[in-house]
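**Student:** Okay, sequence plus prediction incoming.
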Amino acid sequence: MTVRTGKQFIEGLRDRPRDVFIQGEKVTDVATHPAFRASVEQIAHLYDMQSDPAHRDTLTYVAEDTGQRAGMAFKPAASMSDLQARRAAYRLWAEENFGLMGRSPDFMNVSLLALWEMRDLLDRHGQKFSQNMDQYYRRVRDEDLFLSHALVSPQNDRSKASHELGDLHMRVVRESDAGIYISGARMIATLGPVADEMLIYTLPGLRPGDEDHALAFSINCDAPGLRQICREPYTLAGTRTSFDHPLSTRFEENDSLLIFDNVFVPWERVYIYRDVELANALYTESALRNHTAHQTNTRALVKLEFSAGIALALARSIKADQFLHVQEMLGEALSMVEMVKSGLIHSEVACEATPIGTLRPSLAPLQTLRTFLPRAYPRMVEFIQKIAAGSFMMMPSAADFHVPEIEQDTKRYYLGAGMEAVDRVRLVKLAWDLVGEGFGQRALQYERYYAGDPVRTMASNTFTLPSADPDRLVRKALDLAGAPERSTAQASAIPVA
């Protein structure tokens, strides 16, 4: 089949009910439940854009092996322009949600592309799983499925290895000729309640003895024995107005804990099995980071542009932009945006070949951005909070504009500098939804920990960046000194007037 429509995505959710709990309630239809309806509608809208003649050529390509259109994130790159085309597709989707939906389908689509390009890695120790990955990539691409994932074990006792915690962490409990059986838990499945399937693999950190936890596989979200327990929603559809909460009423991505209760996974869905070394190596050696960071930094760029725009609009709404300390904040915000733009372009210009002859973005600039954003986005949030200041504490609700007794008061006292009261209130409400509400705080926490522990991630740059020899210029300069016994006075090379 070719790319699917939003209607087909929603129908797929209804055809395959899953075991999902939220606020003590078992959900019978995630497509219509107030906690998930808005995000389902947003994902459906993204799918519809792929068939829109105005966006089709940006968001899709024709797969050579099928002659059918597929999402652009699945396209192996043969040139730098192909990488630029993928970025254009990422950006178009990200702009539809202002960069606030970090797990739109393109994220896992390009993750799967990375694993497909490096699928021979899966056969390293004689386990012939590369063919499974090849088939899965083609199936997800051709059926245009929506994937989520859960990479982290629950934080029960981080001083212990997974195998020392009994049945808490996800593990294989038995195998048969047909497949394996999985029990235990994983977190955090963003948009997991509304995904079609889960792709499960492991981040580095498994220890000797963790063989039962060293797995990579995929599973349908309606698989028997697979349960999801969701965090409390920040908003429920129909309970808040879009005027007061324009972002959280549309773009919330719920997160869930995955619980496996003797879940069966057929062998053709297994990609790593009881191999600690390979499971630890997959994240780095498969170049997953190159691909996912290209997508997520494009999304984050849109989010930073949006946030910087809000900061500017708030400052101008009361003419606070005439003050030097506010100008400094705005200048830094705009500089952040330009840094991310530059890193993305650098990653494409310095692209590298994969073992199968395709191209992928260079890791160094992308990894730099991934360690930059956990520091940059909190700064951006702080700027907005400081510029808005007391305005966040005094805005009326949408309902107040419909009360005759205070109509003149709302029009008079909430005025901005050359801005009608309703427009200023709408702007401040938008900013508060982004940086003050639970929705905004989740978005902040998401950027802080998207790439893992920000301290460890930054520290890892010591060993992975820069790609060139960092000591070359130092050695060149030290050579100028020579040995002490041969040291002589040197005349200045700069003429003295």
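**Tutor:** Great, that's in hand.

**Student:** so where do the helices sit in the stretch 151-300 of the chain?
**Tutor:** Assigned by DSSP state H, counting those that start in this stretch, the helices in the stretch 151-300 of the chain fall at 248-251, 276-285, 288-317.

**Student:** helices or strands up against the last one?
**Tutor:** Taking 3 or more Cβ pairs under 8 Å, 6 or more residues apart in numbering; DSSP states H and E as the contact definition, the neighbouring helices and strands of helix 288-317 are helix 80-96, helix 105-117, helix 324-349, helix 363-388, helix 421-435, helix 438-449. C-beta here means a position set from N, CA and C on the backbone, and glycine is covered the same way.

**Student:** let's go with 10 Å and repeat that
**Tutor:** Contact partners of helix 288-317 among helices and strands, from 3 or more Cβ pairs under 10 Å, 6 or more residues apart in numbering; DSSP states H and E: helix 80-96, helix 105-117, helix 276-285, helix 324-349, strand 359-360, helix 363-388, helix 421-435, helix 438-449.

**Student:** if we can go back for a sec, tell me which of the helices of the stretch 151-300 of the chain is the most buried.
**Tutor:** Across those, averaging neighbours per residue (mean count of other Cβ atoms under 10 Å) puts helix 288-317 on top, at a mean of 23.

**Student:** how far does that helix sit from the chain's center?
**Tutor:** 12 Å (Cα atoms, centre = their mean, to the nearest Å).

**Student:** Nearest residue to residue 326 in space, please, no chain neighbours.
**Tutor:** Using Cβ to Cβ, 6 or more residues apart in numbering and skipping the chain neighbours, the partner closest in space to residue 326 is residue 320 (5.0 Å).

**Student:** can you tell me which residues contact that neighbour?
**Tutor:** Counting by Cβ atoms under 10 Å, 6 or more residues apart in numbering, residue 320 makes contact with 314, 326, 327, 329, 330, 386, 387, 388, 389, 417.

**Student:** okay, the fifth one: pLDDT?
**Tutor:** This means residue 330. Turning to residue 330, the model gives it a pLDDT of 98.

**Student:** Could you double-check that it sits in contact with residue 310?
**Tutor:** No - in this structure residue 330 lies outside contact range of residue 310 using Cβ atoms under 10 Å: 11.0 Å.

**Student:** Now for those two: what residues contact both?
**Tutor:** 383, 387.

**Student:** thinking again about what came up before, so can I have a markdown table of the helices and strands packed on helix 288-317 showing distance to residue 165?
**Tutor:** Formatted as a markdown table, these follow (distance: least, Cβ to Cβ, whole Å):
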| stretch | distance to residue 165 |
| --- | --- |
| helix 80-96 | 37 |
| helix 105-117 | 27 |
| helix 276-285 | 16 |
| helix 324-349 | 38 |
| strand 359-360 | 36 |
| helix 363-388 | 28 |
| helix 421-435 | 37 |
| helix 438-449 | 21 |
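
**Student:** Helix or strand with the lowest mean pLDDT in the protein?
**Tutor:** helix 454-464 (a mean of 76; mean pLDDT, DSSP states H and E).

**Student:** and residue 262, what does it touch?
**Tutor:** Residues in contact with residue 262 (Cβ under 10 Å, 6+ apart) are 173, 174, 181, 182, 183, 224, 225.

**Student:** in stretch 442-453, what's buried?
**Tutor:** 442, 443, 444, 446, 447, 450, 451, 452 (16 or more other Cβ atoms under 10 Å).

**Student:** Distance of the residue lying closest to the third one once chain neighbours are set aside relative to residue 419?
**Tutor:** Right, residue 444. Excluding the flanking residues, the one nearest residue 444 by Cβ to Cβ, 6+ apart is residue 381, at 5.5 Å. For residue 381, the distance to residue 419 (Cβ to Cβ, to the nearest Å) stands at 23 Å.

**Student:** follow-up on the earlier one: what's the closest of the helices of the stretch 151-300 of the chain to residue 78?
**Tutor:** Of all those, helix 288-317 sits nearest to residue 78, with 15.2 Å by Cβ to Cβ.

**Student:** Give the next helix or strand downstream of the least confident helix or strand of the chain.
**Tutor:** Of the helices and strands lying after helix 454-464 in sequence (DSSP states H and E), the nearest is helix 472-481.

**Student:** For that next one, C-alpha coordinates in PDB please.
**Tutor:** C-alpha atoms of helix 472-481 as PDB (Å, rounded to 0.1, in the frame of the first residue of the first chain):
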ATOM      1  CA  ARG A 472      47.200  18.700  16.300                       C
ATOM      2  CA  LEU A 473      47.500  22.500  16.700                       C
ATOM      3  CA  VAL A 474      48.800  22.100  20.300                       C
ATOM      4  CA  ARG A 475      51.600  19.800  19.100                       C
ATOM      5  CA  LYS A 476      52.400  22.300  16.300                       C
ATOM      6  CA  ALA A 477      52.600  25.100  18.800                       C
ATOM      7  CA  LEU A 478      54.700  23.100  21.200                       C
ATOM      8  CA  ASP A 479      57.200  22.300  18.400                       C
ATOM      9  CA  LEU A 480      57.900  26.100  18.200                       C
ATOM     10  CA  ALA A 481      59.500  25.900  21.700                       C
END
